[in-house]
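Novice: I would like to see how this sequence folds:
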Amino acid sequence: MQVPIIVRKARTLAVAAPILLAGVSLPAPGSQDLSAAALHTRFAAVYSIRFAGITLGKFEVWSNLNDDSYSMRAKGGLKFITGLLFEIKGGTTTTGAVTKNGPIPSSFAFDFKTKKHRGELAMMFDGNAVSHIMAKPPFVENPKDIPITPAHVKGVLDPLSAMFFTAKTGKQNADGSICPSRIPVFDGKQRFDLLLSHKKTVKVKKKRGKGKFRGIAVVCQIKYVPIAGYKPSNAGVKFMSATDDIEVWLIKVPNNDMYVPYHVSIPTPYGTASATSTAFNVEVPGQKKITVIH
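Specialist: Residues are numbered from 1 along each chain as shown. Alright, predicted model coming up:
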């Protein structure tokens, strides 16, 4: 049985969000008590995107969390040369509920445009499952894809919501307990899991220039596990699922139990893609704005 979908299109670029920023920002429910301060939080971040040593653009994120709800938006742009200069811009938003068991998304939207093409994707949730998907231009079903079933889209997060409540915190800091174990994601076309495990702890040395940081970072290894909505023979999917070299570096917000992604790297057959924070500000009512990176 196929999920009720009007149209679906393209490999949404938003799938990069949970991989590039997985593990992100707030304490995981169950790992400790969630205080009111933790749930009345705003943060804004900027990430520099690089590929094969070349800066291609940036990715900006804004989020607002309340007692029982959250909203988040992001935008980005990339420029690179493939014979000719190619530029792509996009934006994405998500909303949902905050529960003791984690975030439950209610809506997700994504759009992109290039000089010649543009596309949109919208996804709605009912309870803990995806209920409706629309995309432009229409997606043509590929009979070689592993089909998406209703079971595949239950208990999943959209790419942006996957950025919440994933870093585990407690009395111990800078250890493997911070890395989440599993993040189920559905991006509108593909269902996959991100499995995180502790890899190492490193010291990040501050350097001159904007966006540099000095402190301890917990490095989590990320394993990409495709489940449905993809063609088994796809070379990109094969490569990503075989590699053990995807990782995210998490750093702690001063005087807070939040962990944020400082650096993420993803190997590809053509070079390494990465995202590194150049700015990260956190605001909690009754406290001064905390600048983690500037």
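
Novice: next SSE after whatever helix or strand residue 197 lives in?
Specialist: Secondary structure assignment for residue 197, by DSSP states H and E: strand 191-204. Downstream of strand 191-204, the next assigned helix or strand under DSSP H and E is strand 215-228.

Novice: How about the contacts made by residue 56?
Specialist: Residue 56 makes contacts with 49-50, 78-80, as judged by Cβ atoms under 8 Å, 6 or more residues apart in numbering. Every residue, glycine included, has its C-beta placed from N, CA and C.

Novice: what secondary structure does it sit in?
Specialist: strand (DSSP: H, G, I helix; E, B strand; the rest coil).

Novice: so where's the stretch 51-200 of the chain shaky on pLDDT?
Specialist: Along the stretch 51-200 of the chain, the model assigns pLDDT under 70 to residues 80-86, 163-176.

Novice: And the strands in it, which stretches?
Specialist: Under the criterion DSSP state E, counting those that start in this stretch, the stretch 51-200 of the chain carries strands at the ranges 54-65, 69-81, 85-99, 102-113, 118-126, 129-136, 182-186, 191-204.

Novice: Nearest to residue 232, out of these?
Specialist: Nearest to residue 232, of all the strands of the stretch 51-200 of the chain, is strand 191-204, at 13.2 Å by Cβ to Cβ.

Novice: follow-up on the earlier one: which of the contacts of residue 56 tops the neighbour count?
Specialist: Neighbour counts for these (other Cβ atoms under 10 Å) peak at residue 49, which has 21 neighbours.

Novice: Would you enumerate the residues in contact with that one?
Specialist: Neighbours of residue 49 in contact, by Cβ under 8 Å, 6+ apart: 20, 55-59, 76, 78, 273-275.

Novice: Tell me the buried residues within those residues.
Specialist: Buried members of the contacts of residue 49, counted by 16 or more other Cβ atoms under 10 Å: 20, 56-59, 76, 78, 273-275.

Novice: Quick one: these as JSON lines, columns for distance to residue 126 too.
Specialist: Shown next, in JSON lines, are those (distance: Cβ to Cβ, whole Å):
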{"residue": "20", "distance to residue 126": "28"}
{"residue": "56", "distance to residue 126": "37"}
{"residue": "57", "distance to residue 126": "35"}
{"residue": "58", "distance to residue 126": "34"}
{"residue": "59", "distance to residue 126": "29"}
{"residue": "76", "distance to residue 126": "29"}
{"residue": "78", "distance to residue 126": "34"}
{"residue": "273", "distance to residue 126": "34"}
{"residue": "274", "distance to residue 126": "36"}
{"residue": "275", "distance to residue 126": "32"}
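
Novice: Could you point out which of these is nearest to residue 150?
Specialist: Distances from residue 150 to the buried ones among the contacts of residue 49, taken by Cβ to Cβ, are shortest for residue 20, at 28.7 Å.

Novice: Residue 40 reaches residue 64, doesn't it?
Specialist: No - when contacts are counted by Cβ atoms under 8 Å, residue 40 is not listed as touching residue 64 (9.0 Å).

Novice: Let me see the mean pLDDT of the host helix or strand of residue 273.
Specialist: Using DSSP H and E, residue 273 maps to strand 271-283. Here strand 271-283 scores 87 as its mean pLDDT.

Novice: on that earlier part again, how about the strand holding residue 197: buried residues?
Specialist: Under the neighbour-count rule (16+ other Cβ under 10 Å), strand 191-204 has 191-192, 194, 196, 199 buried.

Novice: can I assume residue 271 is in contact with residue 52?
Specialist: Yes - using Cβ under 8 Å, residue 271 is in contact with residue 52, at 3.0 Å.

Novice: want to throw the strands of the stretch 51-200 of the chain into a markdown table with distance to residue 288?
Specialist: Listed next are the strands of the stretch 51-200 of the chain as a markdown table, based on distance: least, Cβ to Cβ, whole Å:
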| stretch | distance to residue 288 |
| --- | --- |
| strand 54-65 | 18 |
| strand 69-81 | 23 |
| strand 85-99 | 24 |
| strand 102-113 | 27 |
| strand 118-126 | 36 |
| strand 129-136 | 40 |
| strand 182-186 | 32 |
| strand 191-204 | 23 |
